[in-house]
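**Q** sequence first, predicted coordinates after that:
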Amino acid sequence: MSDALVLDRIQTSLTRLRLPRMGEILENVMQTAQKGGKSYLTFLNELLEEEVSCREQRRIETSLKLSGLPFIKSIDEFDFAFQPKLDRQKVMSLFDLTFIRQKGNVIFLGPPGVGKTHLAVSLAVKACQAGLSIYFTTMEDLIGKLKRDHKAERKGRGRGYNKSALVIVDEVGYTPIDREECNLFFRFIANRYEKASTIITSNKAFSDWTELFHDPVIVTAFLDRLLHHSVVINMRGNSYRLRGKLGKEGVEMSLS
């Protein structure tokens with residue numbers, strides 16, 4: 001049997017086995033191995049490494065598309081120089097993802113535009129790259145989902161916001177919620193307590209959450225679960241969105 005025929009059969013087998021990347025690079029890797037006098041094991045290892053790498057990249061790309069993230073950014077793109085009061089070491093320590101392994105939470109507090117969502121998204125991207133399931137939602141959208149599922153008596157079974165290893169709830173406190181919605185959100189946090197991790201971004205200081213959630217008793221119970229095993233990052237500084245529009249000095253913003 002000629003080499004060309006053998007190669008053709010191997011390509012067919014790789015297609016049937018759903019190993020497309022190995023089929024794409026087979027000839028090039030084979031020629032390189034022959035010229036370099038590489039062993040059969042080295043040749044096979046290089047093929048398998050390429051296939052595994054390709055599949056992992058596809059998994060990450062698919063997971064990010066399905067996650068609901070509003071954009072894709074890494075921590076390398078965050079401008080710490082623009083937020084000099086931010087504890088960089090504390091932020092960077094989160095990226096070893098220990099808080100997820102420990103089923104802990106992260107809360108970013110600060111006025112609009114200081115980079116809360118960027119940091120939350122960066123952590124989500126890092127978690128996805130580490131093979132963890134992620135889900136992003138705004139508070140407004142989450143409340144809508146919780147209400148629909150509650151009425152349909154689905155209670156979030158199998159939903160991304162209940163099953164993901166990391167859920168990001170963005171913009172907590174930007175829009176008012178009623179008592180029913182408050183109870184649903186409390187149940188959501190309670191269901192994830194010590195089972196999975198949640199990242200929350202909010203423009204409200206904790207002292208303002210009683211007004212947000214109406215009932216001091218619920219707020220106390222809510223914060224008790226949310227803050228246990230949590231890292232709180234308070235952010236004060238200039239707005240990225242207003243950079244260049246407010247003059248060279250900018251306007252520092254902080255929570256009231």
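**A** Structure received.
**Q** which SS class is the nearest residue in space to Lys126 that is not next to it in sequence?
**A** Leaving aside its sequence neighbours, Lys126 sits nearest to Phe95 (C-beta to C-beta, 6 or more residues apart in numbering; 5.5 Å). From N, CA and C alone the C-beta is placed, and that goes for glycine too. At Phe95 the chain is in helix, as set by DSSP: H, G, I helix; E, B strand; the rest coil.
**Q** who are the contact partners of Phe95?
**A** Contact analysis of Phe95 by C-beta atoms under 8 Å, 6 or more residues apart in numbering lists 75, 122-123, 126.
**Q** neighbour-wise, which of these leads?
**A** Counting neighbours by other C-beta atoms under 10 Å, the top entry in the contacts of Phe95 is Leu123, with 24 neighbours.
**Q** wait, isn't it in contact with Ile199?
**A** Yes - the pair Leu123 / Ile199 is scored as a contact, 6.3 Å apart, by C-beta atoms under 8 Å.
**Q** common neighbours of the two, please.
**A** Joint contacts of Leu123 and Ile199 (C-beta under 8 Å, 6+ apart) are 106, 166, 168.
**Q** so the first one lies in a strand, does it not?
**A** Yes - Val106 sits within a strand when classified using three-state DSSP.
**Q** need the contact partners of the helix or strand hosting Val217.
**A** Using DSSP states H and E, Val217 sits within helix 216-227. Helix 216-227 is contacted by residues 105, 107, 182-183, 185-186, 189-190, 193, 198, 200, 206, 209-210, 213 when judged by C-beta under 8 Å, 6+ apart.
**Q** now, among those, which is nearest to Ser53?
**A** Of all these, Ser53 sits closest to Thr198, with 31.2 Å by C-beta to C-beta.
**Q** domain parsing for this structure?
**A** Annotated domains of the chain cover 3-64, 75-253 [automatic domain parsing].
**Q** out of the ones you listed, deepest packed?
**A** Comparing the domains of the chain by mean neighbour count (mean count of other C-beta atoms under 10 Å), domain 75-253 comes out on top with a mean of 17.
**Q** average pLDDT across it?
**A** Domain 75-253 shows a mean pLDDT of 90.
**Q** with stretch 45-57 instead?
**A** 92.
**Q** circling back to that earlier point, where helices are concerned, which of the contacts of Phe95 count?
**A** Mapping the contacts of Phe95 onto helices (DSSP state H) picks out 122-123, 126.
**Q** spatially central, which residue of the chain would that be?
**A** Nearest to the geometric centre of the chain sits Ala124, at 1.6 Å (C-alpha atoms, centre = their mean).
**Q** residues contacting that residue?
**A** Contacts were defined as C-beta under 8 Å, 6+ apart; by that measure Ala124 touches 67, 69, 134, 136, 166, 168, 199.
**Q** Phe185 now?
**A** By C-beta under 8 Å, 6+ apart, the residues touching Phe185 are 139, 142-143, 146, 177, 213, 222.
**Q** and it, what element?
**A** Assigned by DSSP H and E, Phe185 falls within helix 179-192.
**Q** which neighbouring elements make contact with the helix ranked longest in the chain?
**A** In the chain, with assignment by DSSP H, the single longest helix is helix 40-66. For helix 40-66, the packing partners by 3 or more C-beta pairs under 8 Å, 6 or more residues apart in numbering; DSSP states H and E come out as helix 20-36, helix 116-129.
**Q** hmm, back to that, between helix 179-192 and the helix holding Val217, find me the angle.
**A** Between helix 216-227 and helix 179-192, the angle comes out at 30 degrees (axes from the mean of the first three to the mean of the last three C-alpha atoms, to 10 degrees).
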